[in-house]
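**Student:** Sequence and predicted model, in that order:
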Amino acid sequence: MRNKWDDKEANKLISFYTKKGINKDLALRIYSTRLLGKDPNIVLHGGGNTSVKIDLKIKKNVIQKILYVKGSGMDMSNIDINGFPALELENLQKLQKRKKMNDFEMTNYLKKYMLETSFPNASVETLLHAFLPFKFIDHSHSNAVLSLINQPNNYKICRKIFGDSVGIVPYVMPGFELSKKAAEVYKKNPNIKGLILLNHGIFTFGKTAKESYNRMIKFITLSEKELKNHSKTIKKDDYKENKIKPSKLCNILRRFLSIPKGDDYEKKIINFTKYKDINYFYSKKIIKNINGPVTPDHVIRIKSKPLFLDFSKIKKNNIEKYVENKINNFTKKYIAYFEKNKHINSKAKMHDPNPKIIVVKGMGFFSSGKNYKDSIISKDVGLASLSVTLNSFKYGSFKPISDKNIFAMEYWPLELAKLKSSNLPLQGNVTVITGGLGTLGYSTALKFLKEGSEVILLDKIHVNQFHKDTTNMFTYQCDVTNKSEINKILNKISENFGGLDIVISNAGLAIHKPLKDLDKNILDKSFSINFFAHHYLTQLSCEIFKLQLTGGSILFNISKQSINPGVDFGSYGLPKSTLLYLMKQYTLEYSKFGIRFNGINADRIRSGLLTKNLISRRAKSRKLSVNSYIKGNLLKKEVTPEDVANAFFHLSISFKTTACIITVDGGNIEASLR
Ligand code: ZN
């Protein structure tokens, strides 16, 4: 493990923070916390924690001892001053005299002794930091250390590697009891430089941030060397799965992992990861003995173990049934585990019993989450967990904590508080918008993002040429008139998100020419984008919906031209009225799969399609001024892109509405449908 401490960088951060009146030690605390946090082999997503003890002069001759400790669930890689709540150290230390303390009391004390309660809650391991006397304390779940401390003879191994330089603490769940235990181990040997928490992780201490960081790197390096020098190879076959593509399997998994909820489903985002070492897990030694997490922190993210699938002896036609049975078996076992252990926590409500990590021989693994971010956390934690377990087996064996201890952690309210939940109506949905970087597409994207959906924009221009904020959206450059290009991108979307739920087929092109000038070239061009692009995207999306079987909504931007022609606008109106027919035909043929098809007829919106130039030409052709053209509707109100976005959203959640057109035009009786 490379030591990444850089005095120059550290000094830069000190001068940055001292200018803001922040103590040098706290600046260094931030610096080395980030150093540890940036390495996924050391800590992941909100795991690990660090602290520093500082004497703060609060008044003349009055010094207060402060513990700055990482906030619960905060990410160490980008932590800042507001990630370190300050607590009254002496009051915390007094709690050490207590024999017992429940979580409720502990949480209350941690809140009570905070200097400023607007900061995040202090780490659940705060008391451990407070009860040890060291100025700087670092805690990580280093992969190399985890591979060793989950061995059946972990105590002996740790003594062999670290000698007496560390104290060894047997597994106790984080909280008050663990803090007492750690302090007890320290008192037996006050010369220790760190602590090993069996089946959990490692702590190091130092007078300076650098000393504590150096010790962390040193102990991790020793562990890495031990693994390197004493690991044996495990046999694996080189089977490659080619009966099914990962993208198709994503769609099928989405079907079985989504949970029916009213007229809709609680959908999962699924992410596929290729993993070259995957076949090792199918050796007898491993597949039968993977039975728990590598560190308790992982349980809330990926459950205690993955689901393993192996299609090598399964016929292609039986894959779906096999996957369904395997998932059903997994959930049955999970329910039994919950029933057996629920006495540990009478308030526990069972989590979704489905697997979070699904491993497929010869392919890789799939991670699932409530939203994209959650699926990526599962993926990173899953990857770390698989590689730690593999190294454990190569070194010797793997013996994690008991089911009882797993349950206590999985249903611990203080741990669950780390999971942020949202109840937005479109959470877990994947929305694809064509012409996504145009005015209507982008406004619709903002609306769907706000309602909790993952938003993917397809556009012929590259996002680098787009100057509005696309944070939290995903973009693909795509010519939607090219069917094979759409197909490629939809496959990528399936691998990254699991599939699709809402498709807003919006891209269009308006050509302004009288009928006498319309030749085949112009009509081909217009039909290609205003009709065929919609048809191809719908065709391909429906194939995904048919594998997912969780409904699906296709929304077309049809335009009022489809029923109310404008002068010199034939080349636009012709494909659009055909598109209206296409929507009805799809409804007829695909409703049996639960797929809905609806459209918007919008009119006179200032956009990339209806440019200033075109507006003035359209106004002229209707013998109106630009202003009265734009507001030329019965309500005399300008219609905005946001109005269109709201109409698309409304249709997306109207689960019993199909083959419906919403007009968004401020009132135009000639364009009204009934
Ligand atoms: Zn920990």
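**Tutor:** Good, I have the coordinates.
**Student:** Please make it C-alpha for all contacts and neighbour counts, starting now.
**Tutor:** OK.
**Student:** secondary structure class for the nearest residue to Ala671 once chain neighbours are set aside?
**Tutor:** Leaving aside its sequence neighbours, Ala671 sits nearest to Asn564 (Cα to Cα, 6 or more residues apart in numbering; 5.2 Å). Under DSSP: H, G, I helix; E, B strand; the rest coil, the three-state class of Asn564 is coil.
**Student:** just checking, Asn564 touches Ile669?
**Tutor:** No. Assessed by Cα atoms under 8 Å, Asn564 is found out of contact with Ile669, at 9.7 Å.
**Student:** Of these two, give the one with the bigger neighbour count.
**Tutor:** Between Asn564 and Ile669, counted using other Cα atoms under 10 Å, the more crowded position is Asn564 (16 against 12).
**Student:** What's the separation between the more buried one and Ile511?
**Tutor:** 16 Å (Cα to Cα, to the nearest Å).
**Student:** Taking the centroid of the chain, which residue is nearest it?
**Tutor:** Centroid-nearest residue in the chain, with Cα atoms, centre = their mean: Lys373, separated by 1.4 Å.
**Student:** tell me which element that one falls in.
**Tutor:** Assigned by DSSP states H and E, Lys373 falls within helix 372-395.
**Student:** And that helix, what's buried?
**Tutor:** Using 16 or more other Cα atoms under 10 Å as the test for burial, helix 372-395 gives 372, 374-395.
**Student:** packing partners for the helix or strand following that helix?
**Tutor:** Going down the chain from helix 372-395, the next helix or strand is helix 403-410, by DSSP H and E. On a contact count with 3 or more Cα pairs under 8 Å, 6 or more residues apart in numbering; DSSP states H and E, helix 403-410 meets helix 299-302, helix 319-341.
**Student:** mind listing what's buried in helix 403-410?
**Tutor:** So helix 403-410, judged by 16+ other Cα under 10 Å, has buried residues Asp403, Asn405, Ile406, Phe407, Ala408, Met409, Glu410.
**Student:** Same question for stretch 97-117.
**Tutor:** So for stretch 97-117, counting by 16+ other Cα under 10 Å, buried means Met106, Thr107, Leu110, Lys111, Tyr113, Met114.
**Student:** ok, now stretch 322-333?
**Tutor:** Applying a neighbour-count criterion of 16+ other Cα under 10 Å, one finds Tyr322, Val323, Glu324, Ile327, Asn328, Phe330, Thr331 buried in stretch 322-333.
**Student:** In CSV: those residues, plus pLDDT and distance to Lys483.
**Tutor:** Formatted as CSV, the buried residues of stretch 322-333 follow (pLDDT from 0 to 100; distance: Cα to Cα, whole Å):
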residue, pLDDT, distance to Lys483
Tyr322, 97, 32
Val323, 97, 30
Glu324, 97, 31
Ile327, 97, 34
Asn328, 97, 37
Phe330, 97, 39
Thr331, 97, 39
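**Student:** out of those, who's nearest Lys99?
**Tutor:** Among these, Thr331 lies closest to Lys99 (Cα to Cα), at 39.4 Å.
**Student:** residue contacts, that closest one?
**Tutor:** Contacts for Thr331 (Cα atoms under 8 Å, 6 or more residues apart in numbering) come out as Pro353, Asn354, Pro355.
**Student:** Format those residues as TSV; extra columns: secondary structure and distance to Ile529.
**Tutor:** Formatted as TSV, those follow (DSSP: H, G, I helix; E, B strand; the rest coil; distance: Cα to Cα, whole Å):
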residue	secondary structure	distance to Ile529
Pro353	coil	45
Asn354	coil	42
Pro355	coil	42
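**Student:** Return the set of buried residues in the helix or strand where Ile14 lies.
**Tutor:** Assessed by DSSP H and E, Ile14 sits inside helix 7-18. Within helix 7-18, the residues that count as buried by 16+ other Cα under 10 Å are Ala10, Leu13, Ile14, Tyr17.
**Student:** Contact partners for the first one?
**Tutor:** Going back to what we said before, that points to Ala10. If a contact means Cα under 8 Å, 6+ apart, then Ala10 has Leu28, Tyr31 as its contacts.
**Student:** Give me the distance between it and Asp479.
**Tutor:** With distances taken as Cα to Cα, Ala10 is found 48 Å from Asp479.
**Student:** Repeat that for the third one.
**Tutor:** Plainly put, Ile14 is 50 Å away from Asp479 if you go by Cα to Cα.
**Student:** ok so, going back, pLDDT at the residue nearest to the centre of the chain, what is it?
**Tutor:** As predicted, Lys373 sits at a pLDDT of 93.
**Student:** and what of Arg618?
**Tutor:** Per-residue confidence at Arg618 stands at 77 (pLDDT).
**Student:** Let me know the helix or strand that it is in.
**Tutor:** Assigned by DSSP H and E, Arg618 falls within helix 612-621.
**Student:** What is that helix packed up against?
**Tutor:** Using 3+ Cα pairs under 8 Å, 6+ apart, the elements in contact with helix 612-621 are helix 626-630.
**Student:** got the CA positions of the helix or strand hosting Ile662 in CSV?
**Tutor:** Assigned by DSSP H and E, Ile662 belongs to strand 660-664. Coordinates of each C-alpha in strand 660-664 appear next as CSV, following Å, rounded to 0.1, in the frame of the first residue of the first chain:
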residue,chain,number,x,y,z
CYS,A,660,-54.5,9.5,-25.1
ILE,A,661,-53.5,12.9,-26.4
ILE,A,662,-53.1,15.8,-24.1
THR,A,663,-53.2,19.2,-25.9
VAL,A,664,-50.9,21.8,-24.5
